[in-house]
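Q: Predicted coordinates and the sequence they were generated for:
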Amino acid sequence: MKKFLSLLVLLTVFTSCEDDVKFNTPAVQGLKDNELWKANKFTAIIGTDNSLTVTASNGIETVVLKTASFSAGTYILGADEVNKASYTLAADGIEENYQTGSNLGSGQIVISDKLTETDINKGFITGTFSFNGVNDAGDIVYFQEGYFYKVKVINGGEQ
């Protein structure tokens, strides 16, 4: 009887599980101040100067990542105005802006060199990001473990 009851409980546990797997392709997300931040709209634009601008938004929050080139590699943030990251929160008539720039904030954007993840000819780009953006009051927003995955690339003018 014990074996039958154990088997019944085990069978119930396995049958109550369901496969609820969702794939986020493409996606932009990360940890903002240790909380999951996820975008539902995003684009990647290659400028006429070959720069890259990835813009991601969830409606009230926007992250913009800019690099000097769309080529694979690591782009350091906080050193200049060319490679930058910004975060904007706009809600209820209030807008807060955080950014990196010349001697402001820190971080990096890494564009993947794997052809299965980044293929400009096929129109998608993948990479990671992390940054500490600063606002005018000196407050800091922290983004860690950021990831943009197979974001559609648009060739266009400067942003």
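A: Everything's here; your move. Numbers count the residues shown, from 1 in each chain.
Q: what about Ile109, neighbour count?
A: Residues lying near Ile109 (other CB atoms under 10 Å) number 25. Bear in mind the C-beta positions are built from the backbone N, C-alpha and C, glycine included.
Q: for Asp49, that is, sorry about that
A: Asp49 has 10 nearby residues by other CB under 10 Å.
Q: pLDDT value on it, please?
A: Listed pLDDT for Asp49 reads 95.
Q: phi, psi of it?
A: The phi and psi values for Asp49, taken as degrees, to the nearest 10, are phi -90, psi 10.
Q: Show the residue spans covered by the helices in this structure.
A: 2-16 (DSSP state H).
Q: low-scoring stretches of it, by residue?
A: In the predicted model, the chain carries pLDDT under 70 at residues 1-24, 156-159.
Q: what ranges do the strands span in it?
A: 27-32, 35-38, 41-46, 52-57, 61-67, 73-77, 84-91, 94-99, 106-111, 124-134, 140-155 (DSSP state E).
Q: Cool, thanks, signing off.
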